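1. I'll drop the sequence and a predicted model, then ask my questions.
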Amino acid sequence: MKNPEAQQDVSVSQRIRVMFYVMKPSETSFQTLEEVPDYVRKATPFFISLMLLELVVGWIRKGKPPGGLDDALTSMSAGIVSQLPRLFYRSIELTSYVYIWENYRLISLPWDSPWTWYLTFLGVDFGYYWFHRMAHEVNIMWAGHQTHHSSEGYNLSTALRQSVLQIYTSWIFYSPLALFIPPSVYAVHLQFNLLYQFWIHTEVIDNLGPLELILNTPSHHRVHHGRNRYCIDKNFAGTLIIWDRIFGTFEAENEKVVYGLTHPINTFEPFKVQFHHLVNIWTTFWATPGFFNKFSVIFKGPGWGPGKPRLGLIEEIPEVEGKEVPFTSSASQLLKIYVLVQFTLILAFYEETFADKAVLSQVSLLLRVCFIILTLTSIGFLLDQRPKAAVLETLRCLVFLGLCRAGHLKPCFSSLSFALEIFFSICIAFWGVRSVKQLVSDPWR
Ligand SMILES: [Zn+2]
Ligand SMILES: [Zn+2]
């Protein structure tokens, strides 16, 4: 049996190769779930490095960044929010899997066999294809997955725009594997499958020749993120594009892809990004007459309506011209710099919270999570230029100071961050007063 400390043993070479699924069974087979490294968490520096590399390449090639700061911060915010529940409990994708394995498994394939490793690679990728397809074809599942599609840009940061709700349905599609594949092997491939999908979110890579036949590539996944009619419900693959080719959902990239939701939400607020479609379902549910129709609102496609086919009518998808301009924040450059500084601080704080989670009390952990959510919400309000943004940001700064005084927060750069917060609290308090006056004169904005 391997040493449980092996969890920490992930070399730099492995950390890079894992981003492209270039791993050998012998180096990534573990007997117990506890030994499986947290590859996703260890990948954060590589996410940031590759995003910076994409920024430089995009700038050299086109003279501009591959996307807006506002959009990238919103995507990273969604990534952070989607990971927060893991501070408190093991993901449902693992919990349900272990339960089925322990109670209902039919056979136990050997955890250290390369055959088990390759079979799990195919099994997880196949499960992902069907989960992903259903996430587009079943309205209540789309309520979670739409978060990933809400960016109107397409760059590496888009990969991080993840839903907090998605795992509550995705686990179902991996459950059959628990009848014969050990949890430790499944936990490895679940992470690899997710990490592989990071690098394909880019416009920097054009076409990969013969690899396009087998692998999911940037070109194939660009089609998946498109709102052009030819892109709708196409290319659901995770790692292998063969599933789309087999099940008839493949589409090659041809005309210019316009990214995002067919009905853009035009916001940078994390709560709207995560949950706005649940509100749509709620209102449509009550506005639709008849029990079976209400049932269909939840379980048929997002475009379904009474009298329409299960997935709605493609003619109802708004046409695009290819000249659409992504939604951008109207905040000043100075405010965007402020937002970037605050986001960087909260990202460091988020990393520190995960690193220290074993030694933090549940109360401190909960307060930290609330503060992270408050900060990301405030950043969204500032980018959206909502009149209440200044009030919320002032409140956030005061909460920060209060939590520091009470000993629940310990800023990473204590003196710098503390001084910054006080300085901005004062600036924004003045701004807040101005905004409150605006609010009184125009309460509905
Ligand atoms: Zn999708
Ligand atoms: Zn994607």
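-> Yep, it's here. Ligands and ions are numbered 1, 2, ... in the order given.

2. give me the number of residues near residue 68?
-> 21 (other C-beta atoms under 10 Å). Any C-beta I mention is one placed from the backbone N, CA and C, and that applies to glycine too.

3. from here on, call the first residue 57.
-> Sure, I'll start numbering at 57, so the last one becomes residue 124.

4. mind pulling up the pLDDT for it?
-> pLDDT, residue 124: 92.

5. my guess is it meets residue 385, correct?
-> Yes. Here residue 124 reaches residue 385: they are 7.4 Å apart, a contact under C-beta atoms under 8 Å.

6. what residues of the one helix or strand residue 278 maps to count as buried?
-> Under the criterion of DSSP states H and E, residue 278 resides in helix 274-280. By neighbour count on 16 or more other C-beta atoms under 10 Å, the buried set for helix 274-280 is 274-280.

7. can you count the residues close to the nearest residue to residue 432 once chain neighbours are set aside?
-> Counting by C-beta to C-beta, 6 or more residues apart in numbering, residue 432 lies nearest to residue 133, which is 4.4 Å off, once chain neighbours are set aside. Residue 133 is flanked by 28 other residues according to other C-beta under 10 Å.

8. is residue 133 in contact with residue 437, as I believe?
-> No. Taking contacts as C-beta under 8 Å, residue 133 lies outside contact range of residue 437: 11.9 Å.

9. please enumerate the helices of the stretch 57-206 of the chain.
-> 68-73, 95-98, 100-118, 125-139, 148-160, 170-193, 195-205 (DSSP state H, counting those that start in this stretch).

10. and the ones you listed as JSON lines, adding distance to residue 447?
-> Shown next, in JSON lines, are the helices of the stretch 57-206 of the chain (distance: least, C-beta to C-beta, whole Å):
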{"stretch": "helix 68-73", "distance to residue 447": "42"}
{"stretch": "helix 95-98", "distance to residue 447": "34"}
{"stretch": "helix 100-118", "distance to residue 447": "31"}
{"stretch": "helix 125-139", "distance to residue 447": "20"}
{"stretch": "helix 148-160", "distance to residue 447": "36"}
{"stretch": "helix 170-193", "distance to residue 447": "36"}
{"stretch": "helix 195-205", "distance to residue 447": "26"}
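
11. to residue 258, which of those helices lies closest?
-> In terms of C-beta to C-beta, the element of the helices of the stretch 57-206 of the chain nearest to residue 258 is helix 100-118, at 5.9 Å.

12. domain boundaries for this protein, per the record?
-> Split into domains by automatic domain parsing, the chain comes to 60-303, 389-497.

13. nearest to residue 409, out of the helices of the stretch 57-206 of the chain?
-> Across those, residue 409 has its closest neighbour in helix 125-139 (10.2 Å, C-beta to C-beta).

14. could I get the full set of strands for this protein?
-> Assigned strands in the chain: none (criterion: DSSP state E).

15. where does it dip in pLDDT?
-> Within the chain, the ranges that satisfy pLDDT under 70 run 57-64, 466-501.

16. can you pull the contacts of residue 103?
-> 212, 216, 254 (C-beta atoms under 8 Å, 6 or more residues apart in numbering).

17. again with residue 170
-> 81-82.

18. before we move on, what about the one 3 residues further on?
-> Taking C-beta under 8 Å, 6+ apart as the definition of contact, the neighbours of residue 173 are 81, 84-85, 241.

19. make JSON lines from the residues you listed and add distance to residue 269 to it.
-> Shown next, in JSON lines, are those (distance: C-beta to C-beta, whole Å):
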{"residue": "81", "distance to residue 269": "24"}
{"residue": "84", "distance to residue 269": "26"}
{"residue": "85", "distance to residue 269": "29"}
{"residue": "241", "distance to residue 269": "27"}
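
20. quick one on the thing from earlier: in helices, which of the contacts of residue 103 fall?
-> 212, 254 (DSSP state H).

21. of the contacts of residue 103, closest to residue 237?
-> Distance to residue 237, by C-beta to C-beta, is smallest for residue 254 among these, at 24.1 Å.

22. chain neighbours aside, what residue packs nearest to that closest one?
-> Counting by C-beta to C-beta, 6+ apart, residue 254 lies nearest to residue 215, which is 4.5 Å off, once chain neighbours are set aside.

23. could you do residue 421 as well?
-> Nearest one to residue 421, counting by C-beta to C-beta, 6+ apart, is residue 143 at 5.8 Å.

24. likewise residue 375?
-> Distances taken as C-beta to C-beta, 6+ apart put residue 285 closest to residue 375, at 6.9 Å, once the chain neighbours are dropped.

25. and for residue 166, the neighbour number?
-> 11.

26. tell me who's in contact with it.
-> By C-beta under 8 Å, 6+ apart, the neighbours of residue 166 are residue 172.

27. so how far is residue 372 from it?
-> Residue 166 sits 51 Å away from residue 372, going by C-beta to C-beta, to the nearest Å.

28. for residue 263, same thing?
-> Distance from residue 263 to residue 372, by C-beta to C-beta: 32 Å.

29. okay if I get the domains of the chain as JSON lines plus distance to residue 322?
-> What follows is the domains of the chain, written out as JSON lines (distance: least, C-beta to C-beta, whole Å):
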{"stretch": "domain 60-303", "distance to residue 322": "9"}
{"stretch": "domain 389-497", "distance to residue 322": "9"}
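
30. so what's the residue count around residue 163?
-> The local packing of residue 163 (other C-beta under 10 Å) involves 7 other residues.

31. surely it and residue 236 touch.
-> Yes. Using C-beta under 8 Å, residue 163 makes contact with residue 236 at a distance of 5.0 Å.

32. how about the nearest residue to the most centrally placed residue in the chain, chain neighbours excluded?
-> Among the residues of the chain, the one closest to the centroid is residue 218, at 1.4 Å (C-alpha atoms, centre = their mean). Computed as C-beta to C-beta, 6+ apart, the closest residue to residue 218 that is not its neighbour in sequence is residue 138, at 4.0 Å.

33. OK, contacts around the one you found?
-> Neighbour list for residue 138: 218-220, 222 [criterion: C-beta under 8 Å, 6+ apart].

34. list just the nearest of these to residue 400.
-> Among these, residue 218 lies closest to residue 400 (C-beta to C-beta), at 19.8 Å.

35. please point out which parts of stretch 390-407 sit buried.
-> Neighbour counts using 16+ other C-beta under 10 Å place 391-392, 394-395, 398-399, 401-403, 405-406 of stretch 390-407 among the buried residues.

36. on that earlier part again, OK, contacts around the residue nearest to residue 421?
-> Going by C-beta under 8 Å, 6+ apart, the list of residues near residue 143 reads 409-410, 413, 421, 425.

37. so which of those residues comes closest to residue 303?
-> For the contacts of residue 143, the minimum distance to residue 303 (C-beta to C-beta) is 37.4 Å, reached by residue 410.

38. so the closest one touches residue 97, yeah?
-> Yes. Using C-beta under 8 Å, residue 410 is in contact with residue 97, at 6.3 Å.

39. ok, residue 107 touching residue 129?
-> No. Contact criterion C-beta under 8 Å: residue 107 and residue 129 do not qualify, at 11.5 Å.
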